[in-house]
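*Asks:* Let me see the structure of the following:
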Amino acid sequence: MNILTIDTSTDNDYLCICSTDKTPIQSTIKGLSHSNAIFENLESLLSESGLSIDEINLIAAGRGPGSFTGVRIGLTTARTLAQILSIPLIGFISHELYAASAADRGYAQIITALDAKKKRVFGAAHSVCGVRAESLVPAGDYPPEELLKKCDPSAKTLCAGDGCSLYAEKITSYFDNCDIENEITLSAEKTAEFVREKAELIAPGGGDYREAVPFYARLSDAEVAKRQKETGAAR
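*Replies:* Prediction:
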């Protein structure tokens, strides 16, 4: 089975292709608009893999939370491809993939957090059992303090993402032993393991592209303004 994974919930455009009989490969494009980069990235990765787009059997796509625009572009691309190719699409919480990629690095806890503005982060926390990441705090929209207080301050912890580096002072004062990384580093091998496990859970006839919807964790500013306007008009 040939699986294409897409995650654009950070500022990076991340794609990974894994095949049953080949070493998984990945590509990350930084600093460009997702809408400009994603198809160029995909074309390049397919060429490197020796596959055509018609040979992709399954797509997995990050649902967020993270960049509203990024999540929307990544999922729209995944849904469009799945519909055109008539193949299954799996949506996953992006922070689960982030934690899975770091689960073998020797940490007892992994916090992943992206700057959500307004003194909040799109974050999650995972405990590590062996080399598997298990949910400790589900992905969501949190004040940094709320995310931290649900974690063990004495556990060796990796804190990754720009939301962690932004609140580094609070984080280092909370944990006895932690490392902070501004970038969330993804692994092709771990991505392959992660999506294959997800693929095994698909029931016959499952993976409908319409079921892969964004998880924004909160309303956008435009949606908040719209609701306020509607509420005001109704009074």
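
*Asks:* Now do the contacts for residue 205.
*Replies:* Not one residue lies near residue 205 by CB atoms under 8 Å, 6 or more residues apart in numbering. (Glycine included, C-beta is placed from N, CA and C.)

*Asks:* Next: residue 141.
*Replies:* Counting by CB under 8 Å, 6+ apart, residue 141 has contacts 65, 116, 120, 121, 122, 217, 218.

*Asks:* Just say helix, strand or coil for it.
*Replies:* strand (DSSP: H, G, I helix; E, B strand; the rest coil).

*Asks:* who does it bridge with?
*Replies:* In this entry, residue 141 is beta-bridged to residue 122, by DSSP bridges.

*Asks:* Using PDB, write out every CA atom in the longest helix seen in the chain.
*Replies:* Longest among the helix segments of the chain by residue count, using DSSP state H, is helix 68-85. The C-alpha trace of helix 68-85 is given here as PDB (Å, rounded to 0.1, in the frame of the first residue of the first chain):
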ATOM      1  CA  PHE A  68      -6.400  28.000  10.500                       C
ATOM      2  CA  THR A  69      -5.300  28.700   6.900                       C
ATOM      3  CA  GLY A  70      -2.800  25.900   6.900                       C
ATOM      4  CA  VAL A  71      -5.200  23.300   8.200                       C
ATOM      5  CA  ARG A  72      -7.800  24.400   5.700                       C
ATOM      6  CA  ILE A  73      -5.400  24.200   2.700                       C
ATOM      7  CA  GLY A  74      -4.000  20.800   3.700                       C
ATOM      8  CA  LEU A  75      -7.300  19.200   4.300                       C
ATOM      9  CA  THR A  76      -8.800  20.700   1.200                       C
ATOM     10  CA  THR A  77      -5.900  19.300  -0.900                       C
ATOM     11  CA  ALA A  78      -6.300  15.900   0.700                       C
ATOM     12  CA  ARG A  79     -10.000  15.800   0.300                       C
ATOM     13  CA  THR A  80      -9.800  16.800  -3.400                       C
ATOM     14  CA  LEU A  81      -7.100  14.200  -4.200                       C
ATOM     15  CA  ALA A  82      -9.100  11.500  -2.300                       C
ATOM     16  CA  GLN A  83     -12.200  12.300  -4.200                       C
ATOM     17  CA  ILE A  84     -10.500  12.500  -7.600                       C
ATOM     18  CA  LEU A  85      -8.600   9.300  -7.100                       C
END
